[in-house]
Each structure stands twice: as C-alpha cells, then as structure tokens.
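Colleague: here is a sequence together with a model predicted from it:
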Amino acid sequence: MKLVKVILILLLAAALMGCKEDDDERPADHTVNKNGSYHAPNLNEPRTYCVSCHGSDLRGGGEAPSCYSCHGQKWP
C-alpha cells in the first residue's frame, strides 16, 4: 500500500511538471490543465487509461506523444 502511495505521489509530481502543448492539437477529452499541458481526467492512472493512445510503455504511438517527452525519467 505504501508503494502505491509513493507511485501516486510521483505521478502527480510528474503531471505537475508537464510541458506546454498547443490546445488545437489535444484530444477533446484532455481537459485537465497541468501547467499548460492538458491531460485526460484519469491522468493519475496512466497504465490503465493512457496506454490505448500513448502506448503500453507510455512512449507514444500514432499522433500521441511520449509521456516521457514532458515528464522525462520521472515517469514511472
């Protein structure tokens, strides 16, 4: 349980350090603004909700960018 809390804290910290993104390029469901970078509402559970677009390793897929491009190695 403690590990889960640590991971959630790291995810939140990583989300708060997101990079800038053009509003016109983001999907309509990416409505949560974290320092100018828009995320989907379930951003704290990327391995469940983000992999369909950002890839199973969160390194991007198709037009979806890699989560590492903004979050760097701090991404879990």
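Modeller: Perfect, thanks for sending it.
Colleague: from now on I want contacts and neighbour counts done on CA atoms only, so please keep to that.
Modeller: OK.
Colleague: give me the below-cutoff pLDDT ranges for this protein.
Modeller: Residues of the chain that meet the criterion pLDDT under 70 lie in 12-24, 74-76.
Colleague: what segments of it are helices?
Modeller: 2-16, 46-49, 51-54, 68-71 (DSSP state H).
Colleague: quick one: closest of those to residue 31.
Modeller: helix 2-16 (13.3 Å; CA to CA).
Colleague: may I have stretch 60-70 exported as PDB, CA atoms only?
Modeller: Extracted C-alpha coordinates of stretch 60-70, given in PDB (Å, rounded to 0.1, in the frame of the first residue of the first chain):
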ATOM      1  CA  GLY A  60       3.800   7.400 -27.600                       C
ATOM      2  CA  GLY A  61       2.000   5.900 -30.500                       C
ATOM      3  CA  GLY A  62       0.500   7.300 -33.700                       C
ATOM      4  CA  GLU A  63      -0.100  11.000 -33.100                       C
ATOM      5  CA  ALA A  64       0.000  10.700 -29.300                       C
ATOM      6  CA  PRO A  65       3.300  11.900 -27.800                       C
ATOM      7  CA  SER A  66       5.500  10.000 -25.500                       C
ATOM      8  CA  CYS A  67       4.700  10.800 -21.800                       C
ATOM      9  CA  TYR A  68       8.500  10.800 -21.300                       C
ATOM     10  CA  SER A  69       8.900  13.800 -23.700                       C
ATOM     11  CA  CYS A  70       7.300  16.000 -20.900                       C
END
